[in-house]
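# Structure for the following, please:
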Amino acid sequence: MKLVRFLVAGVVFGVIMVQSEAASWYRIHEMFLFESIHMYGLMGAAVAVGLMGVWAIRRYKLRDAAGNPIVIEGKDPSWRRNVFGGVAFGLGWGLIGACPGPLFVLSGMGYASAAVMLAAALAGAFVYGMVYKRLPH
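Next up, the predicted model:
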């Protein structure tokens, strides 16, 4: 039953990504060329919803489905980690024209090129997991 909930959530996420054109290479291209505010508006709305969600969790001391308190831990304030991670993410996004969320959506829509990129992204995550302990953090 738990897997069905995840599947439904994934399908809803995919429909939202397609309908909002967040999985559109054209919209992403427009964003990088500063020709349209569409993607910036989507990201700004997502940040606003996330901020309201975190505020509500902290304000009302919300609990998860199992009744456990939701704890949001602070992040490492190191700027290097954020800068290098952001550069790596941005380069990948710029090179292939999609970030990880839309890669799943585009693969689900049947685009073979997206499936290849998704496989490469998953392979990269796997390699990172293998060498994680040897990297400076």
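
# Give the buried residues for the helix or strand of the chain with the lowest mean pLDDT.
Every helix and strand of the chain was ranked by mean pLDDT, DSSP states H and E. The lowest is helix 79-96, at a mean of 85. Buried positions in helix 79-96, judged by neighbour count with 16 or more other C-beta atoms under 10 Å: 92-93, 96. C-beta coordinates here come from the backbone N, C-alpha and C atoms, glycine included.

# Can you tell me which of those residues lies closest to Trp25?
Ile96 (9.1 Å; C-beta to C-beta).

# Show me the helices in this structure, by range?
Secondary structure of the chain (DSSP state H): helices at 2-19, 25-32, 38-60, 79-96, 100-108, 112-131.

# Kindly reformat those as JSON lines containing distance to Glu73.
Shown next, in JSON lines, are the helices of the chain (distance: least, C-beta to C-beta, whole Å):
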{"stretch": "helix 2-19", "distance to Glu73": "23"}
{"stretch": "helix 25-32", "distance to Glu73": "31"}
{"stretch": "helix 38-60", "distance to Glu73": "12"}
{"stretch": "helix 79-96", "distance to Glu73": "15"}
{"stretch": "helix 100-108", "distance to Glu73": "22"}
{"stretch": "helix 112-131", "distance to Glu73": "21"}
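
# Next, the angle from the least confident helix or strand of the chain to helix 112-131.
Counting by axes from the mean of the first three to the mean of the last three C-alpha atoms, to 10 degrees, helix 79-96 lies at 150 degrees to helix 112-131.

# Return the alpha-carbon coordinates of helix 79-96 using CSV.
Provided in CSV are the C-alpha atoms of helix 79-96 (Å, rounded to 0.1, in the frame of the first residue of the first chain):
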residue,chain,number,x,y,z
TRP,A,79,29.9,28.3,1.6
ARG,A,80,32.3,26.1,-0.4
ARG,A,81,30.0,23.1,-0.3
ASN,A,82,27.1,25.2,-1.5
VAL,A,83,29.1,27.0,-4.3
PHE,A,84,30.7,23.9,-5.7
GLY,A,85,27.5,21.9,-5.4
GLY,A,86,25.6,24.7,-7.1
VAL,A,87,28.1,25.0,-9.9
ALA,A,88,28.1,21.2,-10.5
PHE,A,89,24.3,21.2,-10.5
GLY,A,90,24.1,24.2,-12.8
LEU,A,91,26.6,22.8,-15.3
GLY,A,92,24.7,19.6,-15.5
TRP,A,93,21.4,21.4,-15.8
GLY,A,94,22.7,23.7,-18.5
LEU,A,95,24.4,20.9,-20.5
ILE,A,96,21.4,18.6,-20.6
